[in-house]
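**Student:** no FASTA, just this:
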């Protein structure tokens, strides 16, 4: 799952079906960061909650674009979202040396 309508990330509120498992997940955040050793920061593309239960601190789902099988429902996109994604892309590029993507 790559660029969608010119955006590099699905918006918050998007519901997806993951390739592994038979659950629907709602995206509740993007690029959750984890401090690792050696001054590295690792991340996943998304953090989600299992539908229909919603957010549960003990059952958050971390996943990447490549783990998405299909989009069930696409979250809201407006100018604020488009600007945010532009800023996110710049931040990721400027911190590329310190970042490492995690895999599920």
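**Tutor:** Looks like it came in fine. Please read all numbers here as calculations on a predicted model, not as lab measurements.

**Student:** Going along the chain, name the strands of this protein.
**Tutor:** 15-18, 24-30, 33-35, 41-43, 46-50, 61-63, 68-73, 99-101 (DSSP state E).

**Student:** hmm, who's touching the fourth one?
**Tutor:** In this case it means strand 41-43. 31-36, 95, 98-102 (CB atoms under 8 Å, 6 or more residues apart in numbering). For every residue, glycine as well, the C-beta is placed using N, CA and C.

**Student:** now do stretch 69-82
**Tutor:** Contacts for stretch 69-82 (CB under 8 Å, 6+ apart): 4-5, 7, 10-19, 24, 27.

**Student:** if we go to 6 Å?
**Tutor:** 11-17, 19, 24 (CB atoms under 6 Å, 6 or more residues apart in numbering).

**Student:** end-to-end on it?
**Tutor:** 24 Å (CA to CA, to the nearest Å).

**Student:** in this protein, what spans have low per-residue confidence?
**Tutor:** 1-5 (pLDDT under 70).

**Student:** list the contacts for the residue positioned nearest the centre of the chain?
**Tutor:** For the chain, the residue nearest the mean C-alpha position is residue 46 (1.9 Å; CA atoms, centre = their mean). For residue 46, the contact set (CB under 6 Å, 6+ apart) comprises 27, 30, 63.

**Student:** hmm, back to that, so which of the strands of the chain gets nearest residue 85?
**Tutor:** Checking the strands of the chain against residue 85 by CB to CB gives strand 24-30 as the closest, at 8.7 Å.
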